[in-house]
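> A structural model of the following input is requested.
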Amino acid sequence: MKKFIPIFLLFILTACSAVLPDKSRELSDFIPQEEKIEQEMCSIEFEFVKENFPKECRWESLVRVVDGDTIIVNRNERVRFIGIDTPEVKDPRKPIERFGPEASGKTKSFLNGAGKVCLISDGIGDGIDKYGRTLAYIFTEDGLDVNAELLHSGFAKGYLYFPFERKEEFACYHKQAKESGVGMWGQ
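Predicted coordinates for the structure are as follows:
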């Protein structure tokens, strides 16, 4: 037992001599923030659509539009649009959010009459979200990029908290719509 006392004392003394940082981190360091988008970044040409549509498409039958950023394909596969977020209309825990019905209506108008939709998965992001929904970029048969169009027209916000291939592109579309005051960004 006496052999362990010096070891124990040495352990205590080294633990007590650790230097603590002189400044703690601010709480805001842990809260996701919109990334600052430089104007030059928005002037570059984005190539995702040219490189991936239609050759990377997984064509699926559209069953219905759930809300502005979620659809159901095939029998019951829920698909969440990558990189965008629209105001809620279907969450039973929340009231209908401002501009939610308009965003849902816009998605329905983009996909009106679409028998099939093209799903393109992201090369660096997750394939399925925490709710079990497939994550994808959605295109119509005539090549309409639904995710991007919802951002352009101000019916969605950029959902930029996670890595995905089109993050810089979507951040630019979000910024441009907000600065132009279109859709939810207007009066």
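> now the helices for the chain?
Ranges of helices in the chain, per DSSP state H, are 4-16, 39-42, 48-52, 100-111, 146-152, 167-180.
> what packs against the third one?
Contact partners of helix 48-52 among helices and strands, from 3 or more CB pairs under 8 Å, 6 or more residues apart in numbering; DSSP states H and E: none. Using the backbone N, CA and C atoms, a C-beta is placed for each residue, glycine as well.
> Using neighbour counts, pick out the buried residues of that helix.
48-49, 52 (16 or more other CB atoms under 10 Å).
> from the residues you listed, which is closest to Phe170?
For those, the minimum distance to Phe170 (CB to CB) is 10.0 Å, reached by Phe48.
> so who does that closest one touch?
Phe48 sits next to 137, 165-166, 169 when contact means CB atoms under 8 Å, 6 or more residues apart in numbering.
> Pull the most distant pair out of those.
Most distant of the contacts of Phe48, by CB to CB, are Tyr137 and Glu169, 10.7 Å apart.
> For these two, indicate the residue with more neighbours.
A side-by-side neighbour count of Tyr137 and Glu169, using other CB atoms under 10 Å, places Tyr137 first with 26 against 23.
> if we can go back for a sec, mark which of the contacts of Phe48 are part of strands, please.
Residues of the contacts of Phe48 located in strands (DSSP state E): Tyr137.
> want to throw the contacts of Phe48 into CSV with distance to Lys157 and pLDDT?
As requested, these are arranged in CSV below (distance: CB to CB, whole Å; pLDDT from 0 to 100):
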residue, distance to Lys157, pLDDT
Tyr137, 16, 98
Glu165, 18, 95
Arg166, 14, 96
Glu169, 14, 96
